[in-house]
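*Asks:* okay, here's the prediction I keep looking at, along with the sequence it came from:
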Amino acid sequence: MEAEAEGPDLGVLAGQLMRALQEELFRRLAEEGHPGVRPRHGTVLAFLDRSGLRATELSARSGQHKQIVGSIVDELVALGYVRREPDPADRRAKRVVPTEHGLDEIAKARAILADIERRHRRHLGDERFAAFRETFQEIVRDQRGWGDS
């Protein structure tokens, strides 16, 4: 029989980390001129670059259903963060493209997250932080492939 892990399980820890990161990220984004953006908007904004993506690509990258992505895109259009444009590769398809306001949010979010990572790296030291990231990525890969074995 396996020994029980001490403390919260992996799901609880991952959830706590996500909520704590989001709390800091979105508080700081609000202070930097983006008070309307919410954690759910990260489903779209976290994956966009200047050229944009189709909703189906955003859905695949984020792991969210296309309908949820579409609803989030609608919110972001209303907030002025993205616009829908015809896809040059297929005029029937639409790309979700960030506006200048959206690009500003994306750049600030990435800078804030990099700052958070630097803080944790300083706290843990380079070697421990690198080992943590590598291990965490391995666990994510293994968990994503749970049904493959």
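*Replies:* Nice, thanks for sending it over.

*Asks:* the helices in the chain, which residues?
*Replies:* Assigned by DSSP state H, the helices in the chain fall at 10-31, 42-45, 55-62, 66-79, 100-124, 126-144.

*Asks:* for the longest one, buried residues please.
*Replies:* It refers to helix 100-124. 101-103, 105-106, 108-109, 112, 121 (16 or more other C-beta atoms under 10 Å). Quick note: C-beta positions are derived from backbone N, CA and C, even for glycine.

*Asks:* then stretch 30-37?
*Replies:* By 16+ other C-beta under 10 Å, the buried positions in stretch 30-37 come out as 34, 36-37.

*Asks:* just give me how far the strand of greatest length in the chain sits from the chain centre.
*Replies:* Across the chain, the longest stretch assigned as strand under DSSP state E is strand 90-98. Strand 90-98 sits 21 Å away from the centroid of its parent chain (C-alpha atoms, centre = their mean, to the nearest Å).

*Asks:* contacts for stretch 29-39?
*Replies:* With contact meaning C-beta atoms under 8 Å, 6 or more residues apart in numbering, stretch 29-39 is reached by 22, 26, 45, 79, 81, 104-105, 108-109, 112.

*Asks:* and the end-to-end length of it?
*Replies:* Using C-alpha to C-alpha, to the nearest Å, one end of stretch 29-39 lies 11 Å from the other.
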